[in-house]
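Engineer: just coords:
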C-alpha cells in the first residue's frame, strides 16, 4: 500500500518510521534539533504546498527522509 502525502507524493507504507503532528512534537528541543539537522542535510521534502501540519519520517533505499505534509497526522493515519 501507498500513502498519499499531498501534491503528487506517494510513499510506501513499509518505509514509514513514524507520523508526527508538527505542532505537538516541536515543543521538544530535541525534535526541533532533529528537524533542523535533517533540513541542513537536505533530508526534508516539503510536499505541503501550504502550512505543514504533520511530518512523516521514512527510510527509503537506506536514506532517511522527512516529508512535511499539509494533512494532519490523524488524517494520514486513517489513510493507512
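Structural biologist: Done, it's in. Quantities reported herein were computed from a predicted structural model and do not represent experimental measurements.

Engineer: give me the contacts around stretch 67-80.
Structural biologist: Residues from elsewhere that reach stretch 67-80 (Cβ atoms under 8 Å, 6 or more residues apart in numbering): 1, 3-6, 9, 11, 13, 16, 19-22, 44-56, 58. Using the backbone N, CA and C atoms, a C-beta is placed for each residue, glycine as well.

Engineer: for it, measure first residue to last.
Structural biologist: 16 Å (Cα to Cα, to the nearest Å).

Engineer: what are the buried residues along that stretch?
Structural biologist: For stretch 67-80, a neighbour-count test (16 or more other Cβ atoms under 10 Å) marks 67, 68, 69, 70, 71, 73, 76 as buried.

Engineer: turn the residues you listed into JSON lines, including pLDDT, distance to residue 34 and secondary structure.
Structural biologist: JSON lines is the format used below for the buried residues of stretch 67-80 (pLDDT from 0 to 100; distance: Cβ to Cβ, whole Å; DSSP: H, G, I helix; E, B strand; the rest coil):
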{"residue": "67", "pLDDT": "96", "distance to residue 34": "14", "secondary structure": "strand"}
{"residue": "68", "pLDDT": "96", "distance to residue 34": "13", "secondary structure": "strand"}
{"residue": "69", "pLDDT": "96", "distance to residue 34": "17", "secondary structure": "strand"}
{"residue": "70", "pLDDT": "95", "distance to residue 34": "21", "secondary structure": "coil"}
{"residue": "71", "pLDDT": "95", "distance to residue 34": "21", "secondary structure": "coil"}
{"residue": "73", "pLDDT": "95", "distance to residue 34": "16", "secondary structure": "helix"}
{"residue": "76", "pLDDT": "95", "distance to residue 34": "19", "secondary structure": "helix"}
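
Engineer: list just the nearest of the residues you listed to residue 26.
Structural biologist: Lowest distance from residue 26 to the buried residues of stretch 67-80 (Cβ to Cβ) belongs to residue 68, with 11.5 Å.

Engineer: just give the nearest non-adjacent residue to the closest one, would you?
Structural biologist: Excluding the flanking residues, the one nearest residue 68 by Cβ to Cβ, 6 or more residues apart in numbering is residue 52, at 3.9 Å.
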